[in-house]
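1. Fold the following for me, if possible:
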Amino acid sequence: MIDNNIYLTPSRIVAELDKYIIGQQEAKRNVAIALRNRWRRMHAQPEIRNEIMPNNILMIGATGVGKTEIARRLANLSDAPFVKVEASKFTEVGYVGRDVESMVRDLVEQSVNMVKAKRKEEVKVAAAKIVEELILDILIPPVRMPSANEAEERKDNVFTNATKMDAEDISLNEKTRERFREKIKNGDLDDKKIEIDTAQNSSTGVGVIGGAMDEASMMNIQEMISGMIPKKNKKRKVTVAEAKKILLDEEAAKLIDMDEVKDEAVKKAQDTGIIFIDEIDKIASGSRKGGGGPDVSREGVQRDLLPIVEGSAVNTKYGVVNTDYILFIAAGAFHVSKPSDLIPELQGRFPIRVELNKLTKEDFFKILITPKNALTKQYEALMAAEEVALSYEEDALERLAEIAFDLNEELENIGARRLHTVMSHLLNELLFDVPDKVEANSQITITKSLVDEKLSSLLKNKDLSEFIL
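-> Numbering: from 1, shown residues only. From the prediction side, this is the model:
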């Protein structure tokens, strides 16, 4: 929760973003301030708290410079529900397609999943004990003493002897169960097959006769029908290891109060949710010249977005969600259009504007070596799985960065994504040869001469199909 982020100061947020994103310091500073301001609002005086609105951000920059990654990492840092949507996928109310309110419903769904996962972790120990008992009952069914009614019915001469036998059976059964309990805990029986009952929803196709329905109405109908269909148990034959996972999930779900989960999830989405609206430039009035066709609804989508970003109540299957305090981050390249082509009201709802810098050769080099998830480290990990050691000489990485930069200059500029294409072209042959031709315990070093051999020809190749991602 955001309340636990007291130590997540703006400078520390930027430092965390620096581990994954090269450059773009102005954008990082602005999102860091926006995130910290949410914590500040939650701890402000009650009489002013509800008056403090988030400063939504508009990021302007070419593809592949880090817009989406900044927003996604920001959400991870704050443990906030996050959804990314593409503005170009929405249609104006009255047209066939997704309506803008669906992004709020997606955010709440994400929030519910986050809260549910957290609650399941909290009850994991208790659920594991129940699962252990269920599996034990399948392997060694318990023996019980006769009930009072059974004892009353057994008034013959053998009752005393039978009772003694029952007690001996129970004692032996308990000792056997304890031995098997230890085996289950130690994983000694993980490969043994058992039959379990698993709950599943009966599903049926729902057809609606009549005119077209909006997404919210269809969602409500599906939710209502889902609640009316009873759950059925299905027998499955699985290993004990598989049974542990399946039953643990089911038993943990039973220990969770879903009403509390829904309430907490709605509040979490309202107070800490982040919605990233990509390609917002595609719905600006200057994004296409000439009218007609799908352009008709572009301004309509902007007007539909306006109340959501300004703050409104959206119906979801988990309840009404107020969007007043959700942080909206919009982004676009604005190659053809410009931010002023958006309707003035929508422009006003994104008061913070940040222009992201074009990536340089030096940036490409840093992207290859600095981030925790750098491509070079990813390929090293892939090779390590085959017990092959992969390393790079520094001048080889410098040459890779130079080629990626030149390709962006000569062809379409796709930002850091060009590195994926270049690295793939460089290492595909090696990836194919491991482990058949390149055996385990081999050492592969990428040199500048190897990079030139594999990639220099790309600069002369004008076939754009080579570079489709």
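2. From here on, just use CA atoms for contacts and neighbour counts.
-> Will do.
3. Show me the shaky parts of the chain.
-> The chain contains residues with pLDDT under 70 at 1-6, 92-97, 144-169, 200-232, 286-297, 459-469.
4. what ranges do the strands span in it?
-> 57-60, 82-86, 193-201, 231-239, 274-278, 313-316, 319-322, 327-332, 352-355, 389-392, 443-446 (DSSP state E).
5. Can I get the last one in PDB, CA atoms only?
-> The C-alpha trace of strand 443-446 is given here as PDB (Å, rounded to 0.1, in the frame of the first residue of the first chain):
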ATOM      1  CA  GLN A 443      33.200 -20.100 -23.400                       C
ATOM      2  CA  ILE A 444      31.900 -17.600 -26.100                       C
ATOM      3  CA  THR A 445      33.300 -14.100 -26.300                       C
ATOM      4  CA  ILE A 446      31.600 -11.500 -28.500                       C
END
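6. ok so, going back, for the strands of the chain, give me CSV that also has distance to Ile138 and mean neighbour count.
-> Formatted as CSV, the strands of the chain follow (distance: least, C-alpha to C-alpha, whole Å; neighbours: other C-alpha atoms under 10 Å):
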stretch, distance to Ile138, mean neighbour count
strand 57-60, 57, 24
strand 82-86, 42, 19
strand 193-201, 7, 15
strand 231-239, 12, 13
strand 274-278, 46, 23
strand 313-316, 41, 17
strand 319-322, 41, 16
strand 327-332, 50, 24
strand 352-355, 61, 17
strand 389-392, 47, 16
strand 443-446, 51, 14
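7. got JSON lines for those, with distance to Met103 too?
-> Shown next, in JSON lines, are the strands of the chain (distance: least, C-alpha to C-alpha, whole Å):
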{"stretch": "strand 57-60", "distance to Met103": "17"}
{"stretch": "strand 82-86", "distance to Met103": "7"}
{"stretch": "strand 193-201", "distance to Met103": "26"}
{"stretch": "strand 231-239", "distance to Met103": "29"}
{"stretch": "strand 274-278", "distance to Met103": "8"}
{"stretch": "strand 313-316", "distance to Met103": "10"}
{"stretch": "strand 319-322", "distance to Met103": "12"}
{"stretch": "strand 327-332", "distance to Met103": "11"}
{"stretch": "strand 352-355", "distance to Met103": "21"}
{"stretch": "strand 389-392", "distance to Met103": "42"}
{"stretch": "strand 443-446", "distance to Met103": "44"}
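8. I'd like to know which of these is closest to Lys372.
-> The minimum distance between Lys372 and the strands of the chain falls on strand 389-392, with 16.1 Å, by C-alpha to C-alpha.
9. Now do the closest one: which elements does it pack against?
-> On a contact count with 3 or more C-alpha pairs under 8 Å, 6 or more residues apart in numbering; DSSP states H and E, strand 389-392 meets helix 375-384, strand 443-446.
10. so which of those is the most packed in?
-> Scoring the helices and strands packed on strand 389-392 by mean neighbour count under mean count of other C-alpha atoms under 10 Å gives helix 375-384 as the most buried, with a mean of 16.
11. Who are the packing partners of that helix?
-> helix 361-369, strand 389-392, helix 417-433.
12. Not counting the first one itself, show me its contacts.
-> In this case it means helix 361-369. Contacts of helix 361-369 with the rest of the structure, by C-alpha atoms under 8 Å, 6 or more residues apart in numbering, involve 21-23, 374-377, 397-398, 400-402, 404-405, 416, 419.
13. now with 10 Å?
-> Helix 361-369 is contacted by residues 20-23, 65, 359-360, 370, 373-377, 392, 394, 397-406, 415-416, 418-419, 423 when judged by C-alpha atoms under 10 Å, 6 or more residues apart in numbering.
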